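J.: quick one, structure for this:
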Amino acid sequence: MNRRDFLKKCALGIGGFVLSSNTLEVRISTKHPNIIVMMADDLGFECLSCYGSASYQTPVLDALANTGIRFKHGYSQPLCTPSRVQIMTGRYNNRNYVRFGVLDPKEKTFAHILKKVGYTTCVTGKWQLYSAGDGTYADKAGFDEYCLWNLEDRGSRYEDPTYRKNGVLYENMVGEYGPDVFCNFITDFIERNKTRPFFVYYPMCLTHGPFCPTPDSEDWGQKGLKDEKYFPDMVNYTDKVIGRIARKLDELGLREKTLLLFTGDNGTPRSITSQLKDGSSIDGGKGHTTDAGTHVAFIANWKGTTPAGKVSTDLVDFSDVLVTIAEIAGASLPANRIIDGRSFLPQLRGQPGNPRDWIYCYYDARQSSNKWPLSIFAREKRWKLYGNGECERAGNLYDVPADPLEENPIEPGQGGSEAEEARARLQAVLDSME
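T.: This next block holds a predicted model:
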């Protein structure tokens, strides 16, 4: 074979390899759905109108629930960092919590496992997992691209924001609004990766304080305004930016190829009281282990896959997200570590699945501070039992629907056979987690 023929054969081989790579890319794109996980900051279930709110209007999230599946029993940790560590790793905090503002660099995240099966990954919004030189940077957590507030820099997350985008620091960006910056980053990322499988993790800055005007507020542009009266505007803007993401998927014909999952990282701030359509009201419970601090929205929308308008009464918590994502993507779970989650993919497909009987919470956000003492509990939909800890509820059993503020513990022998059977079941769970 002469040199010319050899080079020609090599060129054909290279061309064939490129074609094979493109074919593989299309096959991966078809096999592996896109996944977008959106998590609002400080937004309890009672702030969504599809969950009964009368104080706020959330038409986009309502529509996602009405055309997808809404879980009635979705639970987070009571505070931001504990929830972020749990949702990203699929592990309860007793296994992997270091301290507030830190993700242990040894942990494997949902971004790590998706990258292994061909996903392009990005994160945008609020990070808060790298503090004082300790923790994990976004790129080390499995993300190819990022645009983040509180990666290590602070500044404003809203008007004139400060953020880092793929290693570059943008400080005090006059005239910009942080949530718009992060939403634009997502829609651009989707546009650039529309032909291959992608994963977007959007831990939102909204609706965390300070409570400030949004670009849709009458007072927008007036510097330094902070007032709880802006909280409804912030809820509305949360809904609005999610709508922009959904529309981008529609424009690109990707809705049937994309799972949209929405939740909140913990309950609403304690200073916020929300009215429900049934005439009752709920005081925000951020930081508390009651339902007001841990009961959050859980909405999944995967057009053509999730049953439209389904309301599931199955228990789900943040440890379940990684396991579900892994099953959707056909990815292996991280090896040599306990994963606590259980997949709810069958439920997303309209099947019964294998729902949980209980969830568990280990909550030591500030390492046993007086403000947030160590709290441990196991719960079912109805019953909740606290384990040994430093909180005032340690050892107490509650009938949560009848006592949502957990003011009336059921003493041993006083609640009848149902209570005693629940106490025994939940104590066994607590014992198993030690």
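J.: in the stretch 151-300 of the chain, what spans have low per-residue confidence?
T.: In the prediction, the stretch 151-300 of the chain carries no residues with pLDDT under 70.
J.: please enumerate the helices of it.
T.: 178-192, 231-251, 291-294 (DSSP state H, counting those that start in this stretch).
J.: tabulate these (CSV), appending distance to residue 92 and mean neighbour count.
T.: Placement of C-beta: from N, CA and C, glycine included. As requested, the helices of the stretch 151-300 of the chain are exported to CSV (distance: least, Cβ to Cβ, whole Å; neighbours: other Cβ atoms under 10 Å):
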stretch, distance to residue 92, mean neighbour count
helix 178-192, 28, 20
helix 231-251, 27, 20
helix 291-294, 13, 25
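J.: which one of those lies closest to residue 284?
T.: Minimum separation from residue 284 across the helices of the stretch 151-300 of the chain (Cβ to Cβ) falls at helix 291-294, 6.4 Å.
J.: what does that closest one rub up against?
T.: Contact with helix 291-294 is made by 44, 75-78, 266-268, 282-288, 361, 400, 404-405, as judged by Cβ atoms under 8 Å, 6 or more residues apart in numbering.
J.: could I get the CA-only coordinates of stretch 89-98 as CSV?
T.: What follows is stretch 89-98, C-alpha atoms only, in CSV (Å, rounded to 0.1, in the frame of the first residue of the first chain):
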residue,chain,number,x,y,z
THR,A,89,-25.9,12.5,47.4
GLY,A,90,-29.0,10.3,48.2
ARG,A,91,-27.7,9.9,51.7
TYR,A,92,-29.1,10.9,55.1
ASN,A,93,-27.2,13.5,57.0
ASN,A,94,-26.0,11.0,59.7
ARG,A,95,-23.8,9.6,57.0
ASN,A,96,-22.3,12.6,55.3
TYR,A,97,-23.0,15.9,57.0
VAL,A,98,-19.8,17.8,57.8
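J.: got the buried residues for it?
T.: 89, 90, 91, 92, 93, 95, 96, 97, 98 (16 or more other Cβ atoms under 10 Å).
J.: so, low pLDDT: which residues of the stretch 301-434 of the chain?
T.: Checking the stretch 301-434 of the chain against pLDDT under 70 turns up 368.
J.: okay, and the beta partners of residue 39?
T.: In this structure, residue 39 bridges to residue 203, residue 263 when assessed by DSSP bridges.
J.: what about it, neighbour count?
T.: For residue 39, the neighbour count with other Cβ atoms under 10 Å is 25.
J.: please apply the same query to residue 72.
T.: 16.
J.: roughly how far does it sit from residue 314?
T.: 8 Å (Cβ to Cβ, to the nearest Å).
J.: same thing with residue 115?
T.: Taking Cβ to Cβ, one finds residue 115 at 29 Å from residue 314.
J.: who has more neighbours, the two?
T.: More crowded of residue 115 and residue 314, by other Cβ under 10 Å: residue 314, with 21 against 17.
J.: in three-state terms, label that one for me.
T.: Secondary structure assignment for residue 314 (DSSP: H, G, I helix; E, B strand; the rest coil): strand.
J.: one step back: list buried residues within the contacts of helix 291-294.
T.: Buried among the contacts of helix 291-294 (16+ other Cβ under 10 Å): 44, 75-78, 266-268, 282-288, 361, 400, 404.
J.: domain-wise, how is the protein divided?
T.: 28-356, 375-432 (automatic domain parsing).
J.: highest average neighbour count across those?
T.: Mean neighbours per residue, mean count of other Cβ atoms under 10 Å, is largest over the domains of the chain for domain 28-356, with a mean of 20.
J.: redo the domains of the chain as CSV? Include distance to residue 369.
T.: What follows is the domains of the chain, written out as CSV (distance: least, Cβ to Cβ, whole Å):
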stretch, distance to residue 369
domain 28-356, 9
domain 375-432, 10
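J.: which single one of the buried residues of stretch 89-98 is nearest to residue 146?
T.: residue 89 (17.7 Å).
J.: quick check: that closest one touching residue 109?
T.: Yes: Residue 89 is within contact range of residue 109, at 6.0 Å (criterion: Cβ atoms under 8 Å).
J.: who touches both of those two?
T.: Joint contacts of residue 89 and residue 109 (Cβ under 8 Å, 6+ apart) are residue 322.
J.: between all of the buried residues of stretch 89-98, which two are at the greatest distance?
T.: Maximum distance among these (Cβ to Cβ): 16.5 Å, for 90 and 98.
J.: wait, which of the domains of the chain is closest to residue 365?
T.: Among those, domain 28-356 sits nearest to residue 365 (Cβ to Cβ), with 4.6 Å.
J.: what sits against residue 345?
T.: Here residue 345 is in contact with 324, 327, 328, 353 (Cβ under 8 Å, 6+ apart).
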